[in-house]
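> Predicted model and sequence follow; I will ask about them next.
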Amino acid sequence: MIATEMESKMTSKERVKKAIHFEGPDHIPHYLPDGKENDILWVMPDLASVEEPWRNAGGNLWERTDLWGTLWKRFGSAGAGETELRPLNEWKMLKDYKFPDINRTELFEKSVRKMRENPDKYFLGEMPYISLFEGAHNLRGLDNLMVDLYEEPEKVSGLLDRLTEGQMESVDLLSGLGFDGVMGYDDWGMQDRLMIGMNLWNEYFKPRYKKVWDYAHSKGLDVWLHSCVYITPVLRAEVEIGLDVIQMDQQEHIGLEELDREFGGKVAFWCPVDIQKTMIFGEIDDIRNYAKKMIYHLGRFNGGYISMYYQAPEVIGHTKEKLAAMSQAFRKYGKYPVETE
């Protein structure tokens, strides 16, 4: 009876907050594609309203230029694509470059209406201003930036400072619109190692992340970050400077047991079943068992885990049957106290 009363009184917003801060949610919060109730209203800026669409460039090649002036190309009519031409391909181009006015309220007008219609949900907003590493290498090109970190430290620092200012403006915008958490994206890992050494990460990125995240916390916002694949050393540092939630799509490159030992109870996880391994190569029972293991290893700390699915499952071969099995397992096993592994 007591558990039922607790559950009936706990809103989605409260449930997510308690999961993030290890304060005892009634069950793991959900963000799943099964048509049942979810706890998070995940909002991205409506860039489609101000950005040019993908255009066919002949045959199976598609391209578009984003608001930052970066040309993207891809094969096929779906997918994120890769950068082809960068607006800061040469540093001399910086003096005439105009950073886009992207921290705009109108990009969230439709979403704010949804928020008003669903006041009990947890509102997670993607920061309009591009993340630090992703932003820098989209503007300069990844190959250029890797050299710049050694040969052009002042120029890199200046660019990252400008991106940091933009992210703080995003925090102001989302805070003013009533969001509960802010999210950025920076992939730091390859299959078995980091993209850059920790000495470079600590020099260039750690203080700037901390500046943005401290500012978000001062506004009462939780900080969420997407990052894959092998990221253990970076994640250790990110937790140290205040990261609240890590969104990982591929956990098997580190291992659930290792994530449990290293980060359990220190940072919350927002993850689907590993999108590259178990969701592709596993059978239905493998997916159910992996979901159960995730709940135990990541969420047994009086909170710490939030369910999720990959946003474009059809692009990477996730079948409806496998998505259904994952969703069913998360809802079945994600109640507190969680079952043992």
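Good, I have the coordinates. Numbers count the residues shown, from 1 in each chain.

> Please report phi then psi for residue 305.
Listed backbone geometry of residue 305 is phi -140, psi 140, with angles given as degrees, to the nearest 10.

> Look up which residues are beta-bridged to it.
The partner list for residue 305 in beta bridges (DSSP bridges) reads residue 269.

> just checking, it touches residue 20?
No. Contact criterion Cβ atoms under 8 Å: residue 305 and residue 20 do not qualify, at 10.0 Å. Glycine gets a C-beta too; all of them are placed from N, C-alpha and C.

> Now for those two: what residues contact both?
Common contacts of residue 305 and residue 20, defined by Cβ atoms under 8 Å, 6 or more residues apart in numbering, comprise residue 268.

> To which secondary structure element is residue 318 assigned?
Under the criterion DSSP states H and E, no helix or strand holds residue 318.

> Wait, a helix at residue 183?
No. The assignment for residue 183 is strand, going by DSSP: H, G, I helix; E, B strand; the rest coil, so no helix is present there.

> and it, how far is that from residue 212?
Separation of residue 183 from residue 212 (Cβ to Cβ, to the nearest Å) stands at 12 Å.

> Settle it for me: which of those two has more neighbours?
Between residue 183 and residue 212, counted using other Cβ atoms under 10 Å, residue 212 has the larger neighbour count: 26 against 22.

> Give me the three-state assignment for the more buried one.
Secondary structure, three-state DSSP: residue 212 is helix.

> Let me see the contact set for it.
164, 167-168, 171.

> Please apply the same query to residue 241.
If a contact means Cβ under 8 Å, 6+ apart, then residue 241 has 206, 209-210, 213 as its contacts.

> just residue 173 next, same as before
103-105, 108, 128.

> switch to 10 Å and redo it
With contact set as Cβ atoms under 10 Å, 6 or more residues apart in numbering, residue 173 has these partners: 45, 102-105, 107-108, 125, 127-129, 179, 182.

> Just the buried positions in stretch 265-277, please.
Under the neighbour-count criterion of 16 or more other Cβ atoms under 10 Å, stretch 265-277 has 267-276 buried.

> how long is it end to end?
End-to-end distance of stretch 265-277 (Cα to Cα, to the nearest Å): 25 Å.

> One more: stretch 89-98?
Criterion Cα to Cα; first-to-last residue distance in stretch 89-98 is 14 Å.

> do the same with stretch 119-137
Using Cα to Cα, the end-to-end distance of stretch 119-137 comes out at 37 Å.

> Tell me which stretches of the stretch 1-150 of the chain form strands.
Chain-ordered strands for the stretch 1-150 of the chain, with DSSP state E, counting those that start in this stretch as the definition, fall at 40-43, 55-56, 61-65, 71-75, 82-85, 122-126.

> Within its sheet, name the partner strands of the last one and how each one runs.
Right, the one you point to is strand 122-126. Listed by DSSP bridges, the sheet partners of strand 122-126 and their directions read strand 40-43 (parallel), strand 181-185 (parallel).

> got it, and the second one?
Within its sheet, and counting by DSSP bridges, strand 55-56 is paired with strand 61-65 (antiparallel).

> quick check: mean pLDDT across the strand it pairs with?
Mean per-residue pLDDT for strand 61-65: 94.

> same question, stretch 327-341
For stretch 327-341, the per-residue pLDDT averages 90.

> Could you do stretch 209-218 as well?
If you average the pLDDT over stretch 209-218, you get 98.

> Now residue 200. Nearest residue, chain neighbours left out?
Once its chain neighbours are removed from consideration, residue 200 has its nearest residue in residue 149; the separation is 5.3 Å (Cβ to Cβ, 6 or more residues apart in numbering).

> List the contacts of the one you found.
By Cβ under 10 Å, 6+ apart, the neighbours of residue 149 are 136, 156, 196-197, 200-201, 203-204.

> picking up where we left off before, may I see the contacts of residue 173 organised as CSV, with neighbour count added?
Below are the contacts of residue 173 laid out as CSV (neighbours: other Cβ atoms under 10 Å):
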residue, neighbour count
45, 23
102, 20
103, 19
104, 14
105, 10
107, 19
108, 23
125, 27
127, 26
128, 23
129, 25
179, 28
182, 26
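
> can I get those in CSV with pLDDT and distance to residue 237?
As requested, those are arranged in CSV below (pLDDT from 0 to 100; distance: Cβ to Cβ, whole Å):
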residue, pLDDT, distance to residue 237
45, 95, 28
102, 94, 28
103, 96, 27
104, 95, 32
105, 95, 33
107, 95, 31
108, 96, 31
125, 97, 24
127, 96, 20
128, 95, 25
129, 95, 22
179, 98, 25
182, 98, 19
